[in-house]
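J.: everything below, folded, please.
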Amino acid sequence: MSAIDEQREESFNVMLSELLAEKGLKALGEVILRRKGKRHEPDVLIELNGVRIVIEGKKVGAWNILLKNCENRLDNNVCDLCMMVEYVDLPSGKLIPSQTDVKESLLTGRFNIGFISFIDRAGLDKWTNRRSVPDVYEEVGFEEILTYLMAAYSRVVTEDIIKPVVQKMEGTLDEFAHALLSTTNVDRLNEVLELRKKEAEDSD
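T.: Residues are numbered from 1 along each chain as shown. Model prediction:
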């Protein structure tokens, strides 16, 4: 029997967040774990050096719900990075696992995970080479979760999303200018402009 069948998903989300903070997130800098109690707020909000991270976890088979929840968190400015976690296999030998059992099952369990950041939800994929669909990592262990989360965090804090957009816009404007130049009769345009200039001078 899986431990996830005997516990609320929120318990696993809270414990997973605490384990991540204990096991390695603190190596990146200051970590603040905030537990939420309101219905529409996340179970745990991690603040890592100013970057707000929400973990959305559910039983296996609820990936689309996780994706929608993370999109809503980002669109409502709750977080900068959202991690989706499907609890695939959380072994437990007890019918009613304690918190210690939950902790151990997370450390030895298997997960499907994915990440979405505010960059993905900003609608900039048409200007850049970024994929709008999040990567999914299947059947990963706890230590791998930590590695992938750190990589996603690093992308959020280091990626320059403005430069590629500016470059793409400059390229588009250059293409438009060249196209306009190739279809415009420059001599005729000069004649019209000179005529208008003369008419303006005569009216003065």
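J.: OK, contacts around Pro134?
T.: Leu67, Met84, Gly114, Phe115, Ile116, Asp120 (CB atoms under 8 Å, 6 or more residues apart in numbering). C-betas here are computed from N, CA, C, even on glycine.
J.: then Tyr153?
T.: Residues counted as contacts of Tyr153 (CB under 8 Å, 6+ apart) are Leu28, Leu48, Val51, Ile53, Leu81.
J.: among the residues you listed, name the buried ones.
T.: By neighbour count, with 16 or more other CB atoms under 10 Å, those hold Leu48, Val51, Ile53, Leu81 as buried.
J.: could you tell me which of these belong to strands?
T.: Of the positions in these, Leu48, Val51, Ile53, Leu81 sit in strands, assigned by DSSP state E.
J.: turn those residues into CSV, including pLDDT and distance to Glu194.
T.: Formatted as CSV, those follow (pLDDT from 0 to 100; distance: CB to CB, whole Å):
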residue, pLDDT, distance to Glu194
Leu48, 89, 64
Val51, 91, 59
Ile53, 93, 63
Leu81, 94, 59
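J.: now render those as TSV, adding distance to Met15.
T.: What follows is these, written out as TSV (distance: CB to CB, whole Å):
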residue	distance to Met15
Leu48	18
Val51	21
Ile53	16
Leu81	20
